[in-house]
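Chemist: Here's my sequence, what's the structure:
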Amino acid sequence: MKSRLFWLCGLVTIANAFTSAGFSIAALSSTGNAHVNAMYAASRSLSLALASVVVVLVRSRAGLLTLAFVMTLVQAVDAVIGAIDQQPLKTLGPAFLALVTVTVLVALWRCTRSDEAS
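Modeler: Take a look at the predicted model:
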């Protein structure tokens, strides 16, 4: 069970990070100051995506818990931005990703805590 939760959380976190990176990369087609902002966003998103792959490959439970938490925050804030911009898909998509990520994060965290208590 513990191993399955790790891999599930890893898969969700990686998918979440690469989804975010994909949108950042797509924004690189903008021009002017927006292009520079897109480059900053892409550098951060790609770094998180790479880090998520690394923590899964080295099987770092603490690293995965941390990155899953960070990606939950990223998607939750993206959902808020989508709501402010009154864009339903830009609200619901990130909100769904945040909810799925926090669900597997909490499950893995509880499993980890119960192992430490034993």
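
Chemist: Which helix or strand contains the spatially most central residue of the chain?
Modeler: In the chain, the C-alpha nearest the mean C-alpha coordinate belongs to Met71, at 2.8 Å (C-alpha atoms, centre = their mean). With the criterion set as DSSP states H and E, the secondary-structure element containing Met71 is helix 61-84.

Chemist: helices or strands up against the following helix or strand past that helix?
Modeler: Where DSSP H and E defines the elements, the next helix or strand beyond helix 61-84 is helix 88-117. In this structure, helix 88-117 packs against helix 2-26, helix 61-84, with contacts taken as 3 or more C-beta pairs under 8 Å, 6 or more residues apart in numbering; DSSP states H and E. Glycine gets a C-beta too; all of them are placed from N, C-alpha and C.

Chemist: ok, and what's touching the first one?
Modeler: Contacting residues not belonging to helix 2-26 are listed as 38, 41-42, 44-46, 48-49, 51-53, 55-56, 59, 61, 64-65, 67-68, 71, 74-75, 78, 97, 100-101, 104-105, 107-108, 111-112, 115 [C-beta atoms under 8 Å, 6 or more residues apart in numbering].

Chemist: Okay then, goodbye and thanks.
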